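# sequence isn't available, so here's the structure alone:
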């Protein structure tokens, strides 16, 4: 099951088509895991009375079970997806958790590529989906920062630039990522790129928040005429 970039349900090579009502139910279970019927009814039909929401849920369960037999596990008051369903969002979150626990191990380029494109259900605007979109964005941002910091410590400056840049696409005012990005560019001798990154951040920070960059970041840029040596790694 795919929730990143677009919604898709597949069985082997066959794409399974279900209506929007069923998509919402399947998605809620894919994101939240097994949940009581009352939780799902309130989540998916918050504007309805409880009896009406439960009836809408009952219809969605019936239609889903008829269209995709075996997809749902109906355990009385609790609903779940079949444990055999593979969800891309779950896989990505496991990788992010492993990165957070163990730091950067091996080549993180494949994970970074996934993080760049891991937009959750674009075009879905319900409150519960918007919340999950925001939560995933924060997880992606944190993971990109870990990769950038770890790559810089390993002197893998190209990967540090890529990861720092990916973090700044998600949050342009994330100063720690700006610092890592500038440091990596300096280590590669890309003084102009480092200055552009600083000036872009400074201008946007002033325009959006009326603030100036931190002293630590300004000191980093002030050192540009005498580029930092290989053992002068700053920490952000």
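Done, it's in. Here the structure is a predicted model, which is why all the values come from computation and not from measurement.
# and the helices in this protein?
Taking DSSP state H as the criterion, the chain carries its helices at 20-32, 37-44, 50-67, 88-102, 109-117, 127-153, 157-170, 175-187, 191-209, 215-222.
# hey, which of the ones you listed is tucked in deepest?
Of all these, helix 175-187 carries the top mean neighbour count, a mean of 24, counting by mean count of other CB atoms under 10 Å. Where C-beta positions appear, they are placed from N, C-alpha and C, glycine not excepted.
# where in the chain is pLDDT low?
Applying pLDDT under 70 to the chain flags residues 107, 223, 225-236.
# could you chop it up by domain?
9-81, 88-222 (automatic domain parsing).
# in CSV, list those domains along with distance to residue 1.
Putting the domains of the chain into CSV (distance: least, CB to CB, whole Å) gives the following:
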stretch, distance to residue 1
domain 9-81, 5
domain 88-222, 7
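# nearest to residue 3, of these?
domain 88-222 (4.7 Å; CB to CB).
# hmm, back to that, I'd like the helices of the chain laid out as a markdown table, including distance to residue 80.
Below are the helices of the chain laid out as a markdown table (distance: least, CB to CB, whole Å):
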| stretch | distance to residue 80 |
| --- | --- |
| helix 20-32 | 6 |
| helix 37-44 | 10 |
| helix 50-67 | 11 |
| helix 88-102 | 13 |
| helix 109-117 | 26 |
| helix 127-153 | 17 |
| helix 157-170 | 31 |
| helix 175-187 | 37 |
| helix 191-209 | 43 |
| helix 215-222 | 47 |
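# out of those helices, nearest to residue 14?
helix 50-67 (12.7 Å).
# list the contacts of the closest one.
By CB atoms under 8 Å, 6 or more residues apart in numbering, the residues outside helix 50-67 that reach it are 16, 18-19, 21-22, 24-26, 37-38, 40-42, 44-46, 48, 71-72, 74, 79.
# at 6 Å instead, please
Contacts to helix 50-67, defined as CB atoms under 6 Å, 6 or more residues apart in numbering, come from residues 18, 21, 22, 25, 37, 40, 41, 45, 72.
# how about CSV for the residues you listed, with distance to residue 191 added?
Below are the contacts of helix 50-67 laid out as CSV (distance: CB to CB, whole Å):
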residue, distance to residue 191
18, 54
21, 56
22, 55
25, 54
37, 61
40, 55
41, 59
45, 57
72, 58
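# alright, calling it a day.
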